[in-house]
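Chemist: model this:
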Amino acid sequence: MVDQAVLRAYWSHRQGLDGSLAGADSATVLERVGWARSEGIVDRGRLIGLWDFDPEAEEVVWSPITDLTAAQRKAKLAAVERTAAYVRDDLGDNRGMSLDSPKSRQPRLAALREHSR
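Modeler: Take a look at the predicted model:
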């Protein structure tokens with residue numbers, strides 16, 4: 001059985017949630033992360049964070065992969081709230097692929113929550 005803490009740490013590092021991709025341009029980020037399992041947050045052409053939708057909590061869980069100012073964090077939080085309302089009210093869910101399920105998303109959501117603090 002896979003150690004979930006090790007798996008979360010791997011995903012966190014691979015997706016830059018540990019800060020290792022802070023300041024990197026989008027091409028560098030995507031070269032390292034390959035296929036992003038979570039949705040990207042792009043600001044002025046730079047990948048600055050990742051998000052995913054938790055259908056059980058009916059909320060967007062997100063984490064920056066670069067340092068944000070208080071103003072940037074506030075603006076992103078407002079955008080996250082609008083996105084959550086759209087997904088919840090209009091779409092019902094945001095699946096990344098046909099095999100994506102609320103259960104399969106839990107490790108990604110845990111990694112995002114862990115690094116959003």
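Chemist: Which helix or which strand is home to residue 95?
Modeler: Per DSSP states H and E, residue 95 falls between elements, in no helix or strand.
Chemist: can you give me the strands in the protein?
Modeler: 39-43, 46-54, 59-64 (DSSP state E).
Chemist: Mind putting those strands into TSV with mean pLDDT and mean neighbour count?
Modeler: In short, each C-beta sits where N, CA and C put it, glycine included. Shown next, in TSV, are the strands of the chain (pLDDT from 0 to 100; neighbours: other C-beta atoms under 10 Å):
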stretch	mean pLDDT	mean neighbour count
strand 39-43	82	16
strand 46-54	85	22
strand 59-64	89	21
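Chemist: mind giving me TSV with those strands and columns for distance to residue 72?
Modeler: Putting the strands of the chain into TSV (distance: least, C-beta to C-beta, whole Å) gives the following:
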stretch	distance to residue 72
strand 39-43	7
strand 46-54	8
strand 59-64	8
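Chemist: Now residue 72. Nearest residue, chain neighbours left out?
Modeler: Nearest residue to residue 72 in three dimensions, chain neighbours excluded: residue 43, at 7.4 Å (C-beta to C-beta, 6 or more residues apart in numbering).
Chemist: now the one you found: how far from residue 88?
Modeler: Remark: distance between residue 43 and residue 88 (C-beta to C-beta, to the nearest Å) = 23 Å.
Chemist: same thing with residue 45?
Modeler: From residue 45 to residue 88 the distance is 28 Å (C-beta to C-beta).
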